[in-house]
Each structure stands twice: as structure tokens, then as C-alpha cells.
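A.B. asks: Generate a structure from the sequence data that follows.
(one chain, ligands or ions: 1)
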Amino acid sequence: MVALAEQTAELLHGLGVRLESPGQHALTVRSPVNGEMLCDVPTCAMETAFSAIEAAHRAAIAWRRVPAPKRGELIRLLGEELRAHKAALGRLVSIEAGKSPSEGLGEVQEMIDICDFAVGLSRQLHGLTIATERPDHRMMETWHPLGVVGIISAFNFPVAVWSWNAALALICGNAIVWKPSEKTPLSALACHALLERALTRFGDAPDGLSQLLIGGREIGEVLADHPKVPLVSATGSTAMGRAVGQRLAARFARAILELGGNNAAIVTPTADPDLALRGVAFAAMGTAGQRCTTLRRLFVHRSVHDGFLERLKAAYASVSIGNPLDGHLVGPLIDAAAFSRMQAALDAARTAGGTVHGGERVGIAGCEGGYYVRPALVEMPGQIGPVLEETFAPILYVMRYDDLHEAIALQNDVPQGLSSAIFTNDLREAERFVSDDGSDCGIANVNIGTSGAEIGGAFGGEKETGGGRESGSDAWKGYMRRATNTINYGSTLPLAQGVSFDV
Ligand code: UN1
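C.D. replies: Below you'll find the predicted structure:
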């Protein structure tokens, strides 16, 4: 096989990335597939971050005057670039984030989907007309761009999450400044280059509309603190979101936070066992447990528990683990630190009385520098210890339940609230789960696992997941400000609430 560094250089070239010489402040990028060094990337100095935000601010002032459907044309062109470069970008994501080819391509498809969605939306940034109590008056609601939108993204979806934010922010008339994960700057450079191409084809967009700032925490802090950044959309850990959210709140700026998930599924007595098994397996082991939507807790009804667990154990014991570029279903963890955190969680589970199956490091020939693990299935006596935390690794804690209300209460009884699922063929159980009295998460599915959401729905969750919504439905409203306009087309000045003030 051609070395990954060489493949990466070729992919970057084809995607239009021209790497500057890294200088002193280089970031070394490694592939989690085999630990191989891919290249050195220059990082952004603090002064550059400040000037990029100023440039984006100037661009936003011009961009907001471009009609929204015309702004949509830019995203249509971005969608074309993504279609044309789907294979290359998907491959780059697979190499840099350690995903299977199918998942790498799926991520780019998610970008294409949000572009299509945003193009349509660019003609539908609708406000309401509202009945007014005053004669010869009209009241309406209008939506306006915010200005510069900061985007902070994580390593596990290095391109799709940017595109959800970028596509919506841009059609809504904003400029964007992106701080990607330090673990996946190459995918970010590629996205940025494809957007630059779309901008060139578009023709007369203002300079500086899209900025990419590669660097560490200090860059995120600049975005969180800068008075010319009215909104930051941040995806990552709850600790990161807490820090960013508090800094934004201190200056009354807005946040869209998409943070940790500790997602659960309930397998009921009437569940279709084959479907439930596949749903659980993909959600728990796919992307090596490194999705914010990964299934981490499983409640199985006592009457079907033992049989389901046996089948699950067999699936865990036989799943193909290995180089994801060769199509193995379970690829590597992102790095050594992720492996240590996984082992620490498994130790804590044992201390809390859990029985651990799997979880050990697996050696893969040719990929010795990668951190591959057998996904872990942990039988837990209750929802205690590490079960209450999100560990970004393939660990599934399995517990029994007797009564659905009890299972729903347990599923809700964690600090996080992103995604959830029930496997049932009982209408009452399904409806209960999605009712006011059911799952408290931003995503609640029936007969589907917790991960793999489509872009058409609003994506995000409650509690420590941060409360933000990205992607579909009316998530676009988060990228705009709302104005209520009252227009008097009469020649008198009636006051609301019947107040009189005659001077
Ligand atoms: C994430 O892990 O941050 O629903 C995003 C899913 C994907 C997105 C995950 N569409 O699993």
C-alpha cells in the first residue's frame, strides 16, 4: 500500500490545498489508522486570529446585502464541489479520522445533503405576519444576519459538522470563522479550499467571508471573547462547552452547543430481535464508539435479557476490527489518550461490580501505531460509576429492567440528553417513549439506533448536551436575529393597550 502520507499529499493537492511551510508553530498530523505522520501544518498566530475576525466582520457587512437566494447560489456551488470531490474528501476523512470508506463517504454525503437543504432554505427564511390590535397597522417579524459566526468542531465528524454550521450561517447572511479540531486540520483545509473554489465561481462575494484558524484552545478563546463574534457554535466535550458557554454568556453573545451524549436504548419484550441487534451493534460499535450519538447504555427487559445478551456477545466477539481503509467495521480510537480513558472507564466499571467482555487492545498487522480495541460489552448491576459519564470509546453498559416507566426514568437519569431509542412493536410503548412523559433527549427514536441522524431534523440535545440545535428543521433561526416590526399606515397614532398620551 502507498504510504498514507503520500496518499494524503496527493489527496490534498487534488482538493486544492496548498500547504504553506509550517514554520516554528507547526502542528504534526498523524493518522489514527497506523500512527503514521501525515504532514506538518502551520498554526495560526494570535494576531492572525484577530485580523481574520476583523476581515470576516467586514465581509459580513457586505454579504448581508446580498439577497438570500443569491447567497444560496454559493452553497449550491459548494454542493457541486463536494459532489465532484466526494471520493477524495471521503478518503481524506477516513485517513485523518480513522473511518471506514463507507463512513468517510457518508460524512461527505451529509455535507451534500445540508447544502441542498440550505439552498432551498435560502428562499424560505420566513417571518410571520402578526395580527395587531391597532387600526391601520401591520405587525411582522423579520429575520436578519447576525454577523460573524464562530464554529468550533471536533475530530470525529471533521467535515459534516462544519458544513451544517457553514451552510446555514452563510445562507443566513453571516461570515464564518472556523476553529477545527487540532487532530483533523487537513480535512478542514480541504473543506476551506472547496469553499474557496465555490467562492471563486460565485464571483462577487466579499473577501474574507470564510476564515480557517488552525490552532489550540487559545484560538477557541479568541472566538468566545471577541466582541465582533455574536454567535459561536461549538461541538465537543461538555467541559469545552461549559468553558465556551460561560465566556459567551459573560458578554451576552449566543451559543449553539452540541456537547456530550450518554445515549441509551431500551429493548422491550416485543422488539424484533434481529432489527434490535443490528440497531444496537451499529450504534454502539460504529465509528469505534466515537460519535456523540454513540449508544453507551442498554436497558433490556428481564424476559428477553439473557437471549439478547448472548447474541450481542457473539456479535461483539466476531465484529471485524482492523484497518478501516480496508473496510473493517471497527477502526482505531483517535489516539493513545482515548485508549487510556477507555481503560480507566473499564477499571471503574469493574470496581463498581461490572463484568467486562472485550475492551482489550488488538494488534493489527501493518497498523502497529494505531490504537485498536475490541468493543467492550459491560454487564452492570445498576446505573452507577462510569455509566453516568460519556467515555468516547466503544463501551456499551448493559442493564436489565422490569417495567418500562422504570427504564425510561433510568434512561433520563444521567446529566446528558442527546439521543435515545426504543426497540418495540408495542404501539403504547413506542408512543409513551416519544411523549412528554418519555425520553428527555433531543433525539428519541423508535426501532432505530441512537446514531446516524439525517440532516433534515434539528440535531442536538438537552441538559449537559448544551441545548443547541443544528442542521435541519428551523435550526437556521439560531444563526439570525429576529426583529418585530410594527408599521402604522394610518394618520393617527393609537397606542397599544389603549393607553392615552395626548400632548
Ligand atoms: C457527532 O458525532 O458529533 O447522527 C455528529 C449522527 C451523525 C452526526 C454525529 N449524523 O450520528
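
A.B. asks: other SSEs contacting whichever strand or helix holds E47?
C.D. replies: Assessed by DSSP states H and E, E47 sits inside helix 46-63. With contacts defined as 3 or more C-beta pairs under 8 Å, 6 or more residues apart in numbering; DSSP states H and E, the packing partners of helix 46-63 are strand 148-152, strand 175-179, strand 210-212, helix 217-225. Where C-beta positions appear, they are placed from N, C-alpha and C, glycine not excepted.

A.B. asks: For those, could you give me CSV that also reports mean neighbour count, distance to V119 and mean pLDDT?
C.D. replies: Shown next, in CSV, are the helices and strands packed on helix 46-63 (neighbours: other C-beta atoms under 10 Å; distance: least, C-beta to C-beta, whole Å; pLDDT from 0 to 100):
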stretch, mean neighbour count, distance to V119, mean pLDDT
strand 148-152, 29, 18, 98
strand 175-179, 28, 17, 98
strand 210-212, 23, 17, 98
helix 217-225, 19, 27, 97
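
A.B. asks: Let's have the ones you listed in TSV, adding distance to I256.
C.D. replies: Formatted as TSV, the helices and strands packed on helix 46-63 follow (distance: least, C-beta to C-beta, whole Å):
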stretch	distance to I256
strand 148-152	9
strand 175-179	13
strand 210-212	18
helix 217-225	13
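
A.B. asks: Endpoints of stretch 209-219, how far apart?
C.D. replies: 18 Å (C-alpha to C-alpha, to the nearest Å).

A.B. asks: Stretch 165-184 too?
C.D. replies: Note: stretch 165-184 ends 17 Å apart using C-alpha to C-alpha.

A.B. asks: Next, A284: secondary structure please.
C.D. replies: helix (DSSP: H, G, I helix; E, B strand; the rest coil).

A.B. asks: which parts of the stretch 251-400 of the chain sit against the ligand?
C.D. replies: 291-293 (C-beta under 6 Å from any ligand atom).

A.B. asks: who wins for neighbours among the residues you listed?
C.D. replies: C292 (28 neighbours; other C-beta atoms under 10 Å).

A.B. asks: Show me the strands in the stretch 301-450 of the chain, by range?
C.D. replies: 355-357, 376-379, 395-401, 416-417, 419-423, 443-446 (DSSP state E, counting those that start in this stretch).

A.B. asks: how about the first one: buried residues?
C.D. replies: If I follow you right, that is strand 355-357. 356-357 (16 or more other C-beta atoms under 10 Å).

A.B. asks: what ranges of the stretch 351-500 of the chain fall below the confidence cut-off?
C.D. replies: Counting by pLDDT under 70, the stretch 351-500 of the chain contains no low-confidence range.

A.B. asks: before we move on, the earlier item: and the residues of the stretch 251-400 of the chain next to the ligand, which is closest to D272?
C.D. replies: T293 (21.3 Å; C-beta to C-beta).

A.B. asks: Report the central residue of this structure.
C.D. replies: V161 (4.6 Å; C-alpha atoms, centre = their mean).

A.B. asks: my guess is it meets A167, correct?
C.D. replies: No: using C-beta atoms under 8 Å, V161 is not in contact with A167; the gap is 11.2 Å.

A.B. asks: can you give me the helices for the protein?
C.D. replies: For the chain, applying DSSP state H gives helices covering 4-14, 46-63, 68-84, 86-97, 101-121, 160-171, 185-202, 217-225, 238-250, 273-285, 302-318, 336-351, 404-412, 427-434.

A.B. asks: okay if I get those helices as a markdown table plus distance to N445?
C.D. replies: Below are the helices of the chain laid out as a markdown table (distance: least, C-beta to C-beta, whole Å):
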| stretch | distance to N445 |
| --- | --- |
| helix 4-14 | 35 |
| helix 46-63 | 37 |
| helix 68-84 | 27 |
| helix 86-97 | 24 |
| helix 101-121 | 17 |
| helix 160-171 | 19 |
| helix 185-202 | 28 |
| helix 217-225 | 32 |
| helix 238-250 | 22 |
| helix 273-285 | 9 |
| helix 302-318 | 18 |
| helix 336-351 | 25 |
| helix 404-412 | 12 |
| helix 427-434 | 9 |
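
A.B. asks: Can you say which of the strands of the stretch 301-450 of the chain is packed in most?
C.D. replies: Among the strands of the stretch 301-450 of the chain, the stretch with the highest mean neighbour count (mean count of other C-beta atoms under 10 Å) is strand 419-423, at a mean of 30.

A.B. asks: Out of the helices of the chain, indicate the one that is most buried.
C.D. replies: Mean neighbour counts for the helices of the chain (mean count of other C-beta under 10 Å) peak at helix 160-171, with a mean of 28.

A.B. asks: Compute the inter-axis angle for that one and helix 68-84.
C.D. replies: 150 degrees (axes from the mean of the first three to the mean of the last three C-alpha atoms, to 10 degrees).

A.B. asks: residues near the nearest residue to G385 once chain neighbours are set aside, how many?
C.D. replies: The shortest distance from G385 to any non-neighbouring residue, by C-beta to C-beta, 6 or more residues apart in numbering, is to A352 (3.5 Å). A352: 17 surrounding residues under other C-beta under 10 Å.
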